[in-house]
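Trainee: coordinates only, no sequence provided:
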């Protein structure tokens, strides 16, 4: 079952002369040295080295140890799942032309000090290195220490005194909006946010009117170099119905991306995920009241995972409501949707406002059977449903090809229930 699923600093860097970078290739078994804009990096032997200037369709994967060089291109090779293991990756690009990312924190470095420690809710962080004129984006698993050391060794002579994390919302973007007018029709999601040219072409030529966008989370598979507040604003202005997705802990055993099997710990993870998603949403200019979706993948051991899944998704919902956002859940019709349905009437106030169920049956519909719900149920009735009915395939419209999943969306934010607050003793209902 697929998924693809803070503010950036104002850089103002001078134009930089182009610097040659290596051809995309695996690094040597004993490691290799790569020179880029005055930085000399000792690349571990198991890392790939990918030159994005020569390979603009290459995908910036977050689960493969890689050094990426140059500005990201269209990333047409991206396909996606929520990843079980996050890898150390390092993306270097000139400061001039680096996108003003709003989904991960940025640290400015301007003197000769060591790189400051920094972490992000999506296990990504950026260092704007003033002296060499390089933006460095780090991705990591449990800790950024290893990949930061690779960068720090190269930047030791060029790093500057004083550094500060640029907080979410510090850089003005487009006016806040939800980008979620009532919508019934076809939608798609892709591992990485498409280029503006692709979005414009598909708006004119495709049947789609809604798009799922992966705004963060530790299990996110692909980097998001296109994802800025301005990008969000342009799609909202063009009439797209936006479905922001947070790829948080998953129902599998993993030290980097796994959900706890303990419902009380999963509750805390759900609250943390909501806080991370809300912060990313604000940085992207998504107004309060926007429905934010949690991407939680399919699982087969329901005895083990149903209790923590329900605890996690209800905590996600309650915390998002406290933060001023609405909550959605993307999950499998044969696992997570059924778990939520089974507990729905015990705690209806804590259930996600919108259910987005995945069942690749080819039916563009949101009937109870498509959603994994009991026949005739009032649960999530009344334009509060989406159904992902086909996954992971290439589609071409207007001459532009994107690897996507397809959904039928029937969502009207005005139809969502009023927030009644958290029910008492929710965890006791989960066993």
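Mentor: On my side now, so go ahead. Only a predicted model underlies this, so the values are computations on that prediction, with no experimental measurement involved.

Trainee: which stretches of the chain have low pLDDT?
Mentor: 1-30, 111-113, 157-174, 419-431 (pLDDT under 70).

Trainee: immediately after whichever strand or helix holds residue 136, which helix or strand?
Mentor: Assigned by DSSP states H and E, residue 136 falls within strand 134-139. The C-terminal neighbour of strand 134-139 among helices and strands, as given by DSSP H and E, is helix 145-155.

Trainee: now the angle from that next one to strand 134-139?
Mentor: 170 degrees (axes from the mean of the first three to the mean of the last three Cα atoms, to 10 degrees).

Trainee: who's in contact with helix 145-155?
Mentor: Helix 145-155 is contacted from outside by 39-44, 88-90, 109, 114-115, 117, 127, 129, 132, 136, 138-140, 159, using Cβ atoms under 8 Å, 6 or more residues apart in numbering. No exception for glycine: its C-beta is placed from N, CA and C like everyone else's.

Trainee: show me these that map onto helices.
Mentor: Of these, none are assigned to helices by DSSP state H.

Trainee: just the buried residues of those.
Mentor: When the contacts of helix 145-155 are checked for burial by 16 or more other Cβ atoms under 10 Å, the buried set is 39, 41, 43-44, 88-90, 109, 115, 127, 129, 132, 136, 138-140, 159.

Trainee: for stretch 349-365, buried residues please.
Mentor: 349-360, 364.

Trainee: ok, residue 121 - contacts?
Mentor: Here residue 121 is in contact with 216, 217, 218, 272, 275, 276, 279, 280 (Cβ under 8 Å, 6+ apart).

Trainee: okay, the buried residues of stretch 349-365 in CSV with secondary structure next?
Mentor: As requested, the buried residues of stretch 349-365 are exported to CSV (DSSP: H, G, I helix; E, B strand; the rest coil):
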residue, secondary structure
349, helix
350, helix
351, coil
352, coil
353, coil
354, strand
355, strand
356, strand
357, strand
358, strand
359, coil
360, coil
364, coil
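
Trainee: can I get the residues you listed in CSV with distance to residue 316?
Mentor: Formatted as CSV, those follow (distance: Cβ to Cβ, whole Å):
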residue, distance to residue 316
349, 14
350, 9
351, 11
352, 8
353, 11
354, 12
355, 13
356, 13
357, 16
358, 17
359, 22
360, 24
364, 27
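
Trainee: in terms of distance to residue 180, which of those residues ranks first?
Mentor: Nearest to residue 180 among the buried residues of stretch 349-365: residue 354, at 9.9 Å, using Cβ to Cβ.

Trainee: against residue 408, how distant is the closest one?
Mentor: Computed as Cβ to Cβ, to the nearest Å, the residue 354 to residue 408 distance reads 13 Å.

Trainee: then residue 151?
Mentor: For residue 151, the distance to residue 408 - Cβ to Cβ - is 44 Å.

Trainee: more crowded one of these two?
Mentor: Between residue 151 and residue 408, counted using other Cβ atoms under 10 Å, the more crowded position is residue 151 (23 against 20).
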